[in-house]
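Participant: Output the structure for:
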Amino acid sequence: MSTVVMEIVAGMSLFVWLYLAFGHGGFWRTSQRLPAGVDLDRWPTLAVIVPARDEAEVLPTTLPTLLGQDYAGVFRVIVVDDDSADRTGEVAERLGASVVRAAGPPAGWAGKVAAMAAGVEAAGSADYLLFADADIAYPPTAAADLVRAAVSGDRDLVSQMARLRTETRWEQLIVPAFVYFFAQLYPFARVNRTGRTAAAAGGCMLVRRTALEQAGGLARIRGALIDDVALARLLNRRGRIWLGLSADITSVRPYPRLADLWQMVARSAYTQLRHSPLLLAGTVLGLLLVYVWPPVTAVAGLCVGDPVLAGLGWAAWVLMTATYLSMLRFYRVGMWTAPLLPVVAALYLAMTVDSARRHWAGVGAAWKGRSGQR
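Facilitator: Numbering: from 1, shown residues only. Sure thing, here's the model as predicted:
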């Protein structure tokens with residue numbers, strides 16, 4: 001490849017980064033935090049729904065944080081035992097939750113969505129439904145804070161992205177980038193303005209029950225493997241939604257090895273691309289152009305003595321690194337990982353390609369013994 005062509009591609013990469021840094025909804029900012037709301041004269045009834053499949057080990061850590069919520073209104077915690085092979089239901093009952101035992105998803109339903117629907121049915125006429133993943137721990141005021149934000153802002157969906165674990169080196173390298181890339185796809189500030197961008201974080205989603213019913217219920221998204229984004233899109237058509245980061249709502253699930261993180265991403269990455277080879281090709285080319293090309297041209301320009309090529313590459317790499325610092329600060333991860341974002345992006349590229357390979361091999365979104373049904 002001639003240096004002229006390399007300079008043109010490097011210029012394209014820099015142009016993309018100028019747009020991302022200054023024109024893409026401030027996706028890299030971590031300032032979207034839960035609105036305070038106001039104190040309520042009447043607290044709506046609340047049902048917390050926890051879809052759980054083989055979660056007997058983690059529930060003793062997380063479920064008490066839900067059962068012990070400081071909520072002034074009537075609320076109950078419903079654990080949906082999603083055809084578990086362990087003692088999930090027994091553990092949940094012993095801890096004090098109501099338990100619904102599901103026999104697995106009906107034909108055409110994704111596993112988690114079917115479990116959520118079973119929880120909604122058990123919740124009856126509750127005003128609000130809080131969908132909480134089994135591995136998420138909540139501070140005592142979380143439910144009240146979510147409901148205040150929903151009622152005060154007349155929102156149909158309020159979702160907070162839990163802080164994921166970053167204890168091991170692999171978690172520190174991969175996890176902040178996971179949230180960074182998610183925010184790049186769905187800039188939180190744009191989600192929180194009435195418009196086309198819609199997304200949610202599946203570990204913590206507070207939903208107004210009447211809004212869900214008016215939208216057609218969970219049956220409308222019954223086959224969705226990425227249930228949070230599908231639910232956000234469903235509710236965004238009629239009402240207001242909100243998405244932000246939480247420093248206090250935390251995931252306790254460990255991903256200590258690269259293989260664990262790889263599985264987390266690869267099981268759903270190709271689904272995110274709607275199983276489209278064309279979108280896959282575009283994603284691969286986009287990641288190469290936006291993340292891999294800047295450091296390649298920065299180093300190549302220095303090696304061949306081309307100051308234009310080097311300058312374009314370094315400028316894009318510096319912008320990339322600068323936009324990543326805010327997420328690293330939020331996760332309290334050392335700044336040493338910031339210049340390594342191109343390496344992490346290359347890993348995500350490989351995970352995405354592997355996700356497509358699994359789909360083509362018929363493995364699909366394998367999760368806890370289910371292939372193609374999360």
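
Participant: How far off centre is the host helix or strand of Val120?
Facilitator: Per DSSP states H and E, Val120 falls inside helix 111-123. In terms of CA atoms, centre = their mean, to the nearest Å, the centre of helix 111-123 is set 20 Å apart from its chain centre.

Participant: What helices and strands are in contact with that helix?
Facilitator: Here helix 111-123 touches strand 46-52, strand 75-82, strand 98-102, strand 128-132, helix 209-214, helix 227-236, going by 3 or more CB pairs under 8 Å, 6 or more residues apart in numbering; DSSP states H and E. The C-beta positions use only the backbone N, C-alpha and C, and glycine is treated the same way.

Participant: Restrict the second one to CA atoms and write it as CSV.
Facilitator: What follows is strand 75-82, C-alpha atoms only, in CSV (Å, rounded to 0.1, in the frame of the first residue of the first chain):
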residue,chain,number,x,y,z
PHE,A,75,-43.3,-4.1,47.2
ARG,A,76,-42.4,-7.7,46.7
VAL,A,77,-39.5,-9.7,45.2
ILE,A,78,-40.4,-12.4,42.7
VAL,A,79,-37.7,-14.8,41.6
VAL,A,80,-38.5,-16.8,38.5
ASP,A,81,-36.7,-20.1,38.7
ASP,A,82,-36.0,-20.6,35.0
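
Participant: next structured bit after that strand?
Facilitator: By DSSP H and E, the next helix or strand past strand 75-82 is helix 88-95.

Participant: Arg94: neighbouring residues, count only.
Facilitator: 13 (other CB atoms under 10 Å).

Participant: dump the residue contacts of the closest residue to Asp260 other than its chain neighbours.
Facilitator: Leaving aside its chain neighbours, Asp260 sits nearest to Pro254 (7.5 Å; criterion: CB to CB, 6 or more residues apart in numbering). Contacts for Pro254 were tallied using CB atoms under 8 Å, 6 or more residues apart in numbering; they are 165, 167-168, 171, 260.

Participant: Just give me the closest of these to Asp228.
Facilitator: Arg165 (19.0 Å; CB to CB).

Participant: What residues sit buried inside the longest helix along the chain?
Facilitator: Taking DSSP state H as the assignment, the helix of the chain that covers the most residues is helix 307-330. Neighbour-count burial for helix 307-330, with 16 or more other CB atoms under 10 Å as criterion, is recorded at 309-317, 319-321, 323-324, 326-328, 330.

Participant: So Ala150 lies in a strand, does it not?
Facilitator: No. Looking at Ala150 with DSSP: H, G, I helix; E, B strand; the rest coil, it is helix, so not inside a strand.

Participant: Phi, psi for the residue nearest to Asp260 please.
Facilitator: Torsion angles at Pro254 (phi, psi; degrees, to the nearest 10) stand at phi -90, psi 150.

Participant: Check it and give its pLDDT.
Facilitator: pLDDT recorded at Pro254 is 93.

Participant: what's around Trp336, how many residues?
Facilitator: Counted with other CB under 10 Å, Trp336 comes out at 10.

Participant: what about it, which SS state?
Facilitator: With three-state DSSP as the criterion, Trp336 reads helix.

Participant: Run through the residues that contact it.
Facilitator: With CB under 8 Å, 6+ apart, Trp336 has no contacts at all.

Participant: Against Ser326, how distant is it?
Facilitator: Going from Trp336 to Ser326 by CB to CB, to the nearest Å gives 16 Å.

Participant: The following helix or strand past the longest helix of the chain versus helix 307-330: what angle between them?
Facilitator: Beyond helix 307-330 on the C-terminal side, the first helix or strand identified by DSSP H and E is helix 341-360. Interaxial angle of helix 341-360 relative to helix 307-330 (axes from the mean of the first three to the mean of the last three CA atoms, to 10 degrees): 80 degrees.

Participant: Who are the packing partners of helix 341-360?
Facilitator: Using 3+ CB pairs under 8 Å, 6+ apart, the elements in contact with helix 341-360 are helix 169-185, helix 258-266, helix 269-272, helix 277-287, helix 307-330.

Participant: try it again with 10 Å
Facilitator: helix 169-185, helix 258-266, helix 269-272, helix 277-287, helix 293-304, helix 307-330 (3 or more CB pairs under 10 Å, 6 or more residues apart in numbering; DSSP states H and E).

Participant: any idea which of these scores lowest on pLDDT?
Facilitator: helix 269-272 (a mean of 88).

Participant: For that one, enumerate the helices and strands it packs against.
Facilitator: Using 3+ CB pairs under 10 Å, 6+ apart: helix 269-272 touches helix 277-287, helix 341-360.

Participant: deepest of the ones you listed, which one?
Facilitator: Highest mean neighbour count of the helices and strands packed on helix 269-272: helix 341-360, a mean of 18 (counted as mean count of other CB atoms under 10 Å).

Participant: Now do that helix, average pLDDT.
Facilitator: pLDDT averaged over helix 341-360 gives 95.

Participant: Which parts of the chain belong to which domain?
Facilitator: As assigned by automatic domain parsing, the chain contains the domains 3-27+269-359, 46-152+195-239.
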